[in-house]
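**Student:** please work out how this folds:
(one chain, ligands or ions: 1)
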Amino acid sequence: MGNRYFGFLLIFVFTSPSVCLWGQSTEAGGAAGKGEKFSIVIHGGAGSSAANASPEQVKKRKASLKKALDRGVEILSSGGAALDAVESVLRILEDDPQFNAGKGAVFNAAGDHELDASIMDGRTQACGAVAGVKIVKNPISLARLVMSETRHVLLAGPGAEEFAKEQGVELVPTDYFDTIGAKKSWERYKLKMSGLNKIKDGKVESSWKMGTVGCVALDRQGDLAAGTTTGGMTYKKFGRIGDSPIVGAGTYADNATCGVSATGIGEQYIRNAVAYDVSAQMKYKGVTLQAAVDDNLRRRLNKNDGGLIAIDKDGNIAMGFNTAGMARAAADSEGRYEVIWGDAVGNRRQ
Ligand code: ASP
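**Tutor:** Residues are numbered from 1 along each chain as shown. Take a look at the predicted model:
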């Protein structure tokens with residue numbers, strides 16, 4: 001009788017998902033290095049090379065990435081959550097007119113701004129996204145509210161804006177997003193579209209205005225989070241939705257494998273389910289994070305499609321691109337700290 005009771009107790013202890021084993025909740029985290037390590041990586045968009053920018057532009061953009069990185073490090077080093085780090089970092093970059101997200105968003109074919117964003121929690125697989133919003137100052141925060149306050153994953157257009165009003169998030173007039181740089185790119189594109197070398201419908205120019213932003217973080221609890229936010233691609237058709245708000249394409253996070261944020265020609269990232277594929281290759285093929293990122297950039301995607309940033313559950317960081325350049329920054333608890341906009345560690349497809 002006593003033995004049978006002990007048997008039942010053992011079965012309960014080893015099968016109950018919320019039970020505490022040896023003082024450690026099985027519900028929280030689960031990555032190696034739990035309680036010690038943190039890592040963070042940011043991208044400021046793939047596309048043109050820093051060689052095409054003036055030294056002042058390079059300096060300014062790197063200073064902005066550094067400011068965002070420092071905020072992320074501050075949150076993570078003091079034990080804050082990866083989700084908070086990702087949201088805070090991306091809000092800083094959304095408010096910065098140098099990036100194609102929030103304030104500096106590109107213009108679509110109709111001369112408007114339509115913003116996309118998503119965020120994902122690697123611990124619970126909870127995720128939230130918004131697409132085609134026109135009056136929301138920080139789409140990444142609205143995406144997080146979709147995740148935490150609704151039973152849905154993706155809200156688009158007027159419905160997303162109605163939800164933004166309900167939640168009391170900051171709204172702005174549509175011309176808040178206008179910037180001289182984005183307007184110039186739009187005008188150049190418009191000229192090109194009306195000229196003899198008209199780009200075929202469905203085809204996109206490879207030298208799009210870079211500046212989409214993404215962030216992946218691993219916190220000291222062992223939890224991963226990823227987020228991406230963008231104005232999309234210059235002269236996109238109105239109503240076009242890219243990969244950035246599509247979980248599995250532009251953003252993905254799973255504590256069992258990795259967190260990923262993408263930048264590039266969104267249609268290609270959607271077709272190839274790139275962010276999820278990085279995680280799936282690790283899970284089902286047992287490859288390293290770097291190998292999964294390399295495989296996507298070299299084999300699954302075409303040259304000039306874009307780039308990826310990712311962190312695995314052990315805190316390893318991967319950054320790669322098959323374009324001319326990608327602005328990026330990374331830091332971790334082991335002392336790594338770098339802010340780069342150059343071509344050095346790219347993954348150019350031969
Ligand atoms: N992936 C974004 C989109 O297609 C653009 C970018 O990353 O530059 O909307």
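**Student:** how about the residue nearest to A291 when sequence neighbours are not counted, secondary structure?
**Tutor:** Of all residues not flanking A291 in the chain, Q281 sits nearest, at 7.4 Å (C-beta to C-beta, 6 or more residues apart in numbering). All C-beta spots, glycine's among them, are computed from the backbone N, C-alpha and C. Look at Q281: counting by DSSP: H, G, I helix; E, B strand; the rest coil, its state is helix.
**Student:** next, the buried residues of stretch 89-97.
**Tutor:** 89-97 (16 or more other C-beta atoms under 10 Å).
**Student:** that older thread, for the residue nearest to A291, what are its contacts?
**Tutor:** 287, 291-292, 295 (C-beta atoms under 8 Å, 6 or more residues apart in numbering).
**Student:** how near is it to the ligand?
**Tutor:** Distance of Q281 to the ligand, computed by C-beta to the nearest ligand atom, to the nearest Å: 21 Å.
**Student:** that older thread, quick one: buried ones out of the contacts of Q281?
**Tutor:** 292, 295.
**Student:** a markdown table for the contacts of Q281, including distance to the ligand and pLDDT?
**Tutor:** Below are these laid out as a markdown table (distance: C-beta to the nearest ligand atom, whole Å; pLDDT from 0 to 100):
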| residue | distance to the ligand | pLDDT |
| --- | --- | --- |
| V287 | 24 | 98 |
| A291 | 23 | 98 |
| A292 | 19 | 98 |
| D295 | 19 | 98 |
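**Student:** of the contacts of Q281, just say which sits nearest to I309.
**Tutor:** A292 (12.7 Å; C-beta to C-beta).
**Student:** burial count for E170?
**Tutor:** Number of residues near E170 (other C-beta atoms under 10 Å) recorded here: 11.
**Student:** wait, I meant A280
**Tutor:** 16.
**Student:** burial count for R71?
**Tutor:** 17.
**Student:** that one belongs to a helix?
**Tutor:** Yes. R71 forms part of a helix when assessed by three-state DSSP.
**Student:** ok, the closest residue in space to it that isn't next to it in sequence to the ligand distance?
**Tutor:** Leaving out its chain neighbours, the residue that sits closest to R71 by C-beta to C-beta, 6+ apart is S88, at 5.4 Å. Remark: distance between S88 and the ligand (C-beta to the nearest ligand atom) = 21 Å.
**Student:** again, but for N296
**Tutor:** Remark: distance between N296 and the ligand (C-beta to the nearest ligand atom) = 14 Å.
**Student:** cool, D95 as well?
**Tutor:** Note on D95: its distance to the ligand, by C-beta to the nearest ligand atom, is 18 Å.
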